[in-house]
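> My questions concern the predicted model and sequence given below.
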Amino acid sequence: MSEPIFNIERVSYRYSDKYIGLRDINMRVEEGESLAILGANGSGKSTLLKILAGLAFPSQGKITALGRPLTPDALAGDFSCFFRSKLGFVFQEPDVQIFCPTVWDEIAFGPLQLDMPKDEVRQRVEDTLDMLGIKGLRDRQPHHLSGGEKKKVAIGSVLSLNPDILLLDEPTNGLDPRTQVWLFELLEGLRRFKKTIVMATHDLSIAEDLTDRVVVLNEEHTVVSHGRPAEILRDKDLLLRVNIIHEHTHRHGDITHIHSHGPFASHDEHDEKQT
Ligand SMILES: Nc1ncnc2c1ncn2[C@@H]1O[C@H](COP(=O)(O)OP(=O)(O)OP(=O)(O)O)[C@@H](O)[C@H]1O
Ligand SMILES: [Mg+2]
């Protein structure tokens, strides 16, 4: 088997030596695969992505990235530049990510850091603004944008780098339907280009349609199952147990929604196909 992009062995992580973020995780990410991390709130999805991105380091266990140990020392040396040029991370909260005075600067920042010629940077920024449909926002202050607009800028600032490895934390959160469809198509395209994609999501249709493998975390912060999306998403007991679906969650084809069975229930249950 070829060298994985990431290999995680018995990794645990505690915040402030106290609060458990992850417990005894084993996981490989292969080159060119698209992987979803599913789990309830607080199960450890974002923590796991931060560990993969080298933004947090295991309290126990070890991680390698691109065949090298991912340690504070490695990221203080030569490996850092190489690793950072390969990897793009879209954070769950765009506010953490954006910091430039204008949207244009935000999207140009990564390519400029890579010492790309100015003309090429300009072209990349234009292409990215165009692709995201945010040309009109180019001179705006990122911090003054709406949540969804900020998310688009954060995604753009990563895409303009054209990284081989993409880590996406809840990429569809807060996006309107048109932008969600756009992101679906984009992820599909990136997958065809054999980019390595790891995303944390609550969106079961993304996991089903856009990934090769799903890793499930439980509320004790450890991996309880992994496998092909069709297999995992068919396992209703597992999804209920780990609090990814509720018994009032219903799936229609590839659309999941939750409806109340309380006084405001208005849903016709006759034609439901439950998974
Ligand atoms: N900065 C922090 N300090 C202390 N504990 C933290 C911190 N960040 C996360 N945690 C804890 O670590 C655990 C995992 O959190 P994490 O953010 O990884 O969950 P998540 O699966 O991404 O959840 P969500 O679906 O809500 O985004 C939670 O119990 C959380 O309370
Ligand atoms: Mg999270």
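Done, it's in. Ligands and ions are numbered 1, 2, ... in the order given.
> Partner strands of the host helix or strand of Arg23, with direction?
Counting by DSSP states H and E, the element that carries Arg23 is strand 19-29. Paired neighbours of strand 19-29 in the sheet (DSSP bridges): strand 6-15 (antiparallel).
> which parts of the protein sit against ligand 1?
15, 19, 21, 39, 41-47, 92, 200 (Cβ under 6 Å from any ligand atom). (Glycine included, C-beta is placed from N, CA and C.)
> can you list those in TSV and add secondary structure?
Shown next, in TSV, are the residues of the chain next to ligand 1 (DSSP: H, G, I helix; E, B strand; the rest coil):
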residue	secondary structure
Tyr15	strand
Tyr19	strand
Gly21	strand
Gly39	coil
Asn41	coil
Gly42	coil
Ser43	coil
Gly44	coil
Lys45	helix
Ser46	helix
Thr47	helix
Gln92	coil
Ala200	strand
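> Within reach of ligand 2, which of the residues you listed are there?
Here is what survives when those are matched to ligand 2 using Cβ under 5 Å from the ion: 45-46, 92.
> For ligand 2, give me its nearest residue in the stretch 1-150 of the chain.
Using Cβ to the ion, Ser46 is the residue of the stretch 1-150 of the chain that sits closest to ligand 2, at 3.2 Å.
> ok now do Lys150, which residues does it touch?
94-95, 98, 142-143 (Cβ atoms under 8 Å, 6 or more residues apart in numbering).
> could those residues go into CSV alongside neighbour count?
Shown next, in CSV, are these (neighbours: other Cβ atoms under 10 Å):
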residue, neighbour count
Pro94, 23
Asp95, 12
Ile98, 21
Pro142, 24
His143, 12
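> Can you tell me which of those end up in helices?
94-95 (DSSP state H).
> can you redo the contacts of Lys150 as JSON lines with distance to Thr211 and pLDDT?
As requested, the contacts of Lys150 are exported to JSON lines (distance: Cβ to Cβ, whole Å; pLDDT from 0 to 100):
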{"residue": "Pro94", "distance to Thr211": "23", "pLDDT": "91"}
{"residue": "Asp95", "distance to Thr211": "27", "pLDDT": "93"}
{"residue": "Ile98", "distance to Thr211": "27", "pLDDT": "92"}
{"residue": "Pro142", "distance to Thr211": "29", "pLDDT": "96"}
{"residue": "His143", "distance to Thr211": "32", "pLDDT": "94"}
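> mind listing the strands for the stretch 51-200 of the chain?
60-65, 68-69, 87-90, 165-169, 196-200 (DSSP state E, counting those that start in this stretch).
> Switch those over to TSV; also include mean neighbour count and mean pLDDT.
Shown next, in TSV, are the strands of the stretch 51-200 of the chain (neighbours: other Cβ atoms under 10 Å; pLDDT from 0 to 100):
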stretch	mean neighbour count	mean pLDDT
strand 60-65	17	98
strand 68-69	12	96
strand 87-90	22	95
strand 165-169	24	97
strand 196-200	24	98
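> which residue sits closest to Leu137, ignoring its sequence neighbours?
Val103 (4.8 Å; Cβ to Cβ, 6 or more residues apart in numbering).
> list the contacts for that neighbour?
Counting by Cβ under 8 Å, 6+ apart, Val103 has contacts 129, 134, 137-140, 142, 145, 153, 156.
> near ligand 2, which of those residues show up?
Checking those against ligand 2 (Cβ under 5 Å from the ion), there are no matches.
> Mind checking which of these land in helices?
Those of the contacts of Val103 lying in helices (DSSP H): 129, 153, 156.
> nearest to ligand 1, of the residues you listed?
Val153 (20.2 Å; Cβ to the nearest ligand atom).
> Give me the neighbour count for the closest one.
26 (other Cβ atoms under 10 Å).
> Same check on the one 5 residues further on?
Val158 sits with 21 neighbouring residues when counted by other Cβ under 10 Å.
> same thing with Leu38?
Leu38: 28 neighbours (other Cβ under 10 Å).
> can you pull the contacts of it?
Counted by Cβ under 8 Å, 6+ apart, Leu38 has contacts 45, 201-202, 204, 207, 214-217, 232, 242, 244.
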